[in-house]
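Peer 1: Quick one: sequence and predicted model below, then my questions.
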Amino acid sequence: VQLVESGGGLVQPGGSLRLSCVASGFTLDDYAIGWFRQAPGKEREGVACIHRSDGIKYLDSVKGRFTISRDNVKNTVYLQMNSLKPEDTAVYYCAADPHLATIDPGYEYDYWGQGTQVTVSS
C-alpha cells in the first residue's frame, strides 16, 4: 500500500496549485482520503477529506478556495488550491483510511504519503 503526493511548489499569493495523491496497492474509492498539512512549528491540520459515504469536508479557512476531488479510473485524489495565501505554506500530506472520513488531526489514518511542500510567497 502506497500513497504518493505530487504537485507542490513555490507560488505567489493569489496563485493556484493542484496536488495529486496517487494510490497503489488498494482501490482509493474504497477508502476515505484526507489531505492534511503541517507548517514548521505548528500542529498538523486537517484540510479536506472525501469519502463516498461521508461526502466532503473542508477546513473553514480553505472553504471556497480549495476543492478535493477523486478520479477512480486513475486511482488519484486531487486537491485544487486557488487564491493561495502565505498561511497556506506547509507540507501537505494525503492519507487513507477504510473507516472514517474526517479532518480531525487527532484521528490517525491508516496510510500516509511522504508529503509535498507548498510555499506561498512573493
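Peer 2: That came through fine.
Peer 1: When you work out contacts or count neighbours from here on, use the C-alpha atoms and nothing else.
Peer 2: Fine.
Peer 1: Need phi/psi at the most centrally placed residue in the chain.
Peer 2: Centrality entry for the chain: nearest residue to the mean C-alpha point is residue 35, 2.3 Å, by CA atoms, centre = their mean. The phi/psi pair for residue 35 (degrees, to the nearest 10) reads phi -110, psi 130.
Peer 1: For it, give me its contacts.
Peer 2: By CA atoms under 8 Å, 6 or more residues apart in numbering, residue 35 lies in contact with 46, 47, 48, 49, 79, 92, 93, 94, 95, 103.
Peer 1: Repeat the analysis, applying 10 Å as the threshold.
Peer 2: Going by CA atoms under 10 Å, 6 or more residues apart in numbering, residue 35 touches 19, 21, 45-50, 58, 68, 77-79, 92-96, 102-103, 112-113, 115.
Peer 1: and if you look at residue 113?
Peer 2: 2-6, 21-23, 35, 92-96.
Peer 1: Now the buried members of those residues.
Peer 2: 3-6, 21-23, 35, 92-96 (16 or more other CA atoms under 10 Å).
Peer 1: With adjacent residues omitted, what lies nearest to residue 33?
Peer 2: The shortest distance from residue 33 to any non-neighbouring residue, by CA to CA, 6 or more residues apart in numbering, is to residue 96 (4.6 Å).
Peer 1: Run through the neighbouring helices and strands of the helix or strand containing that neighbour.
Peer 2: Counting by DSSP states H and E, the element that carries residue 96 is strand 90-97. Packing partners of strand 90-97 (3 or more CA pairs under 10 Å, 6 or more residues apart in numbering; DSSP states H and E): strand 2-6, strand 17-24, strand 32-38, strand 45-51, strand 76-81, strand 111-112, strand 116-120.
Peer 1: rerun that using 6 Å as the cut-off
Peer 2: Applying 3 or more CA pairs under 6 Å, 6 or more residues apart in numbering; DSSP states H and E, one finds that strand 90-97 contacts strand 32-38, strand 111-112, strand 116-120.
Peer 1: between it and strand 76-81, what angle do the directions make?
Peer 2: On the basis of axes from the mean of the first three to the mean of the last three CA atoms, to 10 degrees, strand 90-97 is oriented at 150 degrees to strand 76-81.
Peer 1: Tell me the strands beside strand 90-97, with direction?
Peer 2: Here strand 90-97 has these sheet partners by DSSP bridges: strand 32-38 (antiparallel), strand 111-112 (antiparallel), strand 116-120 (antiparallel).
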